[in-house]
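Asker: just need the structure, nothing else, for what follows:
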Amino acid sequence: MTQPKTLLIVDDSRVSRMMIRSLVVAKRPAWTVVEAGSGEEAMAMVAAQCPDYCTMDINMPGVLGTDAAEQIKRDNPAVRLALFSANIQESQKTRASEIGVKFVAKPVNEKSVLEALAYFELDAAGGPAA
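Answerer: Next up, the predicted model:
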């Protein structure tokens with residue numbers, strides 16, 4: 001049996017964090033879910049205890065989600081990360097791709113969270129994880 005996974009939810013909106021948490025817990029009740037309200041807090045949390053997965057809002061005060069994601073991926077390449085944003089401009093999608101993370105369009109709803117979960121659970125070859 002595999003170890004339960006840990007998901008870090010990063011968003012300056014408490015409501016968005018609560019929605020992601022409730023949708024993830026409904027689908028993956030064994031997972032540990034932790035939250036951060038800023039890019040700075042997320043980087044500190046990942047440095048202290050590296051999660052398996054991370055959802056990250058892009059537009060936050062202080063460190064932008066793209067910048068936090070880039071540092072997290074550089075320092076912890078095994079973390080699978082999904083950037084959530086209502087800004088669906090091609091430049092945002094391109095930046096996510098360059099960082100090596102998944103871009104997920106907001107709003108936060110069951111569809112967007114399931115898209116992130118599917119990405120998280122892909123194995124290295126691109127197929128479903130065992």
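Asker: what's the closest non-adjacent residue to residue 7?
Answerer: residue 53 (4.6 Å; CB to CB, 6 or more residues apart in numbering). For the C-beta atoms, the positions are set from N, CA and C on the backbone; glycine is no exception.
Asker: same check on residue 49?
Answerer: Using CB to CB, 6+ apart, the closest residue to residue 49 is residue 6 (7.7 Å).
Asker: can you get me a residue count around that neighbour?
Answerer: 16 (other CB atoms under 10 Å).
Asker: who does the one helix or strand residue 42 maps to touch, helix- and strand-wise?
Answerer: Using DSSP states H and E, residue 42 maps to helix 39-48. Secondary-structure packing of helix 39-48 (3 or more CB pairs under 8 Å, 6 or more residues apart in numbering; DSSP states H and E): strand 6-10, strand 32-36, strand 53-57, helix 65-75.
Asker: picking that back up, so the residue nearest to residue 49 touches residue 53, yeah?
Answerer: Yes: Residue 6 is within contact range of residue 53, at 7.3 Å (criterion: CB atoms under 8 Å).
Asker: list the contacts for the residue nearest to the spatial centre of the chain?
Answerer: Nearest residue to the geometric centre of the chain (CA atoms, centre = their mean): residue 55, 1.6 Å. Listed by CB atoms under 8 Å, 6 or more residues apart in numbering, the contact set of residue 55 reads 7, 8, 9, 10, 11, 20, 81, 82, 84, 104, 116.
Asker: quick check: bridge partners of it?
Answerer: Note on residue 55: beta-bridge partners residue 9, residue 82, judged by DSSP bridges.
Asker: so what touches stretch 37-53?
Answerer: The contact list for stretch 37-53 (CB under 8 Å, 6+ apart) reads 5-8, 10-12, 14, 17, 34, 36, 54, 56, 60-65, 67-68, 71-72, 75-76, 78-82, 116, 120.
Asker: can you turn the buried part of these into a PyMOL selection?
Answerer: Those of these that count as buried under 16 or more other CB atoms under 10 Å are selected in PyMOL with:
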select buried, resi 5+6+7+8+10+11+12+17+36+54+56+60+63+64+65+67+68+71+72+79+80+81+82+116+120
